[in-house]
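Undergrad: Got a predicted structure plus its sequence, pasted below:
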Amino acid sequence: MNISESLKIAVKCIRANWMRSLLTMLGIIIGITSVIMIVGAGTGVRDYIVSLIEDMGSNAVLVAVDTTQATESDYITLDDVENIKKKVAGVDRCSPMMMGFGKGIINKTATNVTVMMIGVNSDVQFAMTNNCEYGRFFTDEEYSAVAPIAVMGIESAKNVFGYEDATGETVTVSSSGRSMKVKICGVANVESMTSAFGGSSNYSSMFGSSSDTEVIALFMPCTTLSAVTGAAPTLDNIFVIAKEGADYDAVGNATVNYLKAAHSSYDQGMYTAQNMATYIEIVDIIMKVLTIFIAGVGAISLIVGGIGVMNIMLVSVTERTREIGIRKSLGAKTGVITMQFLTESVILCLIGGFIGVVLGIAGAYGACAIINITPKISIWIVLLALLFSSGTGLFFGIYPARKAAKLSPIDALRSE
């Protein structure tokens, strides 16, 4: 008996008992589905988080003030920002990070919005992986002139205008009794940077589900933000952009030492520097460990499914004892009988594996669609899942196949 004939007989037996076969494959299907879905969705989430950090600038160092213990004199000033650029070794650029909130009116549609204003200088654009998608970033001259100008987030533009290219549109921003008509000079993916200093790419969640106005993000000159809100330009976060080839950790430590000396504040932990590339490594490690652990837990069902396959194959051997006796009395060798039952076991697991792969991919896309993330399904994961399922069928099919092959023809024919 050749392999093709073994395949035909195996498929015929599976089709003859299709309900039992489906229930037998259920453990394999669940195991493969869970592994594919968890690995695909987990990798997609990891890539998404890493991309957000990279958008904030993998060459940037975030220097922060511990606001829980800082006094007014400990906060970073705009003069500090300029001095850091000039005096700290390894620093290429430096941008303040100042946040304010206010009410706004989209002048084109007269729509009321809540405005999250992020005060920066033009250097911050060099910390972003991508520059403005539309328009331009404001200049140093506009920063110094307190120009009423801002860069809007892509998501914000889509939400309030219905399209991304909102350059030239105006928003009247008001805060603390002051108001200013701000012109949108560019549109960029600034949403990803807000998480670096307490914001969120999902602005509605910051204000609760009860918020009845759209929340938009505007990156504007720090000087303009101070003019709108009336707040003094004191900072608890700055972005330090290191020169190419510089040691980011060394640049961060040098900046911290400068601030300690400039503010005569030598308290441990008052100023901290975090290399953004470190975030990428941390997220990468955490997501990989979690994905492997959860996928491993899901893979346990493959073992349970394999035991189910072995159980049903033992039942099949018992039911087909007379058939085995007839085949052996007609000259079928032990290897032929073994191959027949092993083939049936492997096919059962492979069919379950294929179904599991399809459901796993669909599940990964469905789960990621809820949070608007694209899963990453590697062809190697799919091939490994199918290889594992066929290996499960092979491993758990050996004992029933050997039991069938070792049956005595005389005993088998006497069984009925």
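TA: Received it, and whenever you're ready, just let me know what you need.
Undergrad: where along the protein do the strands fall?
TA: Counting by DSSP state E, the chain has strands at residues 60-65, 91-106, 111-120, 134-135, 149-153, 170-175, 178-188, 214-221, 237-242, 271-275.
Undergrad: of all these, which lies closest to Tyr143?
TA: Tyr143 sits nearest to strand 214-221 of all those, at 4.2 Å, using C-beta to C-beta. All C-beta atoms are positioned from the backbone trio N, CA, C, and that covers glycine.
Undergrad: and the closest one, which strands flank it?
TA: If you go by DSSP bridges, strand 214-221 pairs up with strand 111-120 (parallel), strand 149-153 (antiparallel).
Undergrad: Show me where the stretch 1-150 of the chain dips below the pLDDT cut-off.
TA: Where the stretch 1-150 of the chain drops to pLDDT under 70, the residues are 1-7, 9-11, 13-14, 16-17, 50-59, 128-130.
Undergrad: The same query, at a cut-off of 80, please.
TA: Along the stretch 1-150 of the chain, the parts satisfying pLDDT under 80 run over 1-25, 27, 46-60, 126-131.
Undergrad: picking that back up, okay if I get the strands paired with strand 214-221 as a markdown table plus mean neighbour count and distance to Ser264?
TA: Converted to a markdown table, those look like this (neighbours: other C-beta atoms under 10 Å; distance: least, C-beta to C-beta, whole Å):
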| stretch | mean neighbour count | distance to Ser264 |
| --- | --- | --- |
| strand 111-120 | 22 | 26 |
| strand 149-153 | 26 | 35 |
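Undergrad: Of all the ones you listed, which one comes closest to Asp249?
TA: Nearest of these (C-beta to C-beta): strand 111-120, 23.4 Å.
Undergrad: Okay, and the beta partners of Met97?
TA: Beta-bridge pairing for Met97 (DSSP bridges): Asn237.
Undergrad: Tell me how many other residues surround the residue lying closest to Leu290 once chain neighbours are set aside.
TA: Once flanking residues are discounted, Leu290 sits nearest to Gly42: 6.7 Å by C-beta to C-beta, 6 or more residues apart in numbering. Residues near Gly42, counting by other C-beta atoms under 10 Å, number 22.
Undergrad: residues in contact with Gly42?
TA: The contact partners of Gly42, by C-beta atoms under 8 Å, 6 or more residues apart in numbering, come to 287, 290-291, 294-295.
Undergrad: Among the residues you listed, the buried ones, what's the ChimeraX command?
TA: Typed into ChimeraX, the line below selects the buried ones among the contacts of Gly42, using 16 or more other C-beta atoms under 10 Å:
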select :287,291,294,295
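Undergrad: neighbours of Trp18, just the number please.
TA: Residues lying near Trp18 (other C-beta under 10 Å) number 9.
Undergrad: do the same with Lys260
TA: Neighbours around Lys260, by other C-beta under 10 Å: 15.
Undergrad: Give me the distance between it and Asn121.
TA: 23 Å (C-beta to C-beta, to the nearest Å).
Undergrad: again with Ile377
TA: Distance from Ile377 to Asn121, by C-beta to C-beta: 42 Å.
Undergrad: Between these two, which has more neighbouring residues?
TA: Asn121 (27 against 20).
Undergrad: Counting neighbours, what do you get for the residue lying closest to Lys260 once chain neighbours are set aside?
TA: Using C-beta to C-beta, 6+ apart and skipping the chain neighbours, the partner closest in space to Lys260 is Tyr266 (5.3 Å). Tyr266 has 10 neighbours, counted by other C-beta under 10 Å.
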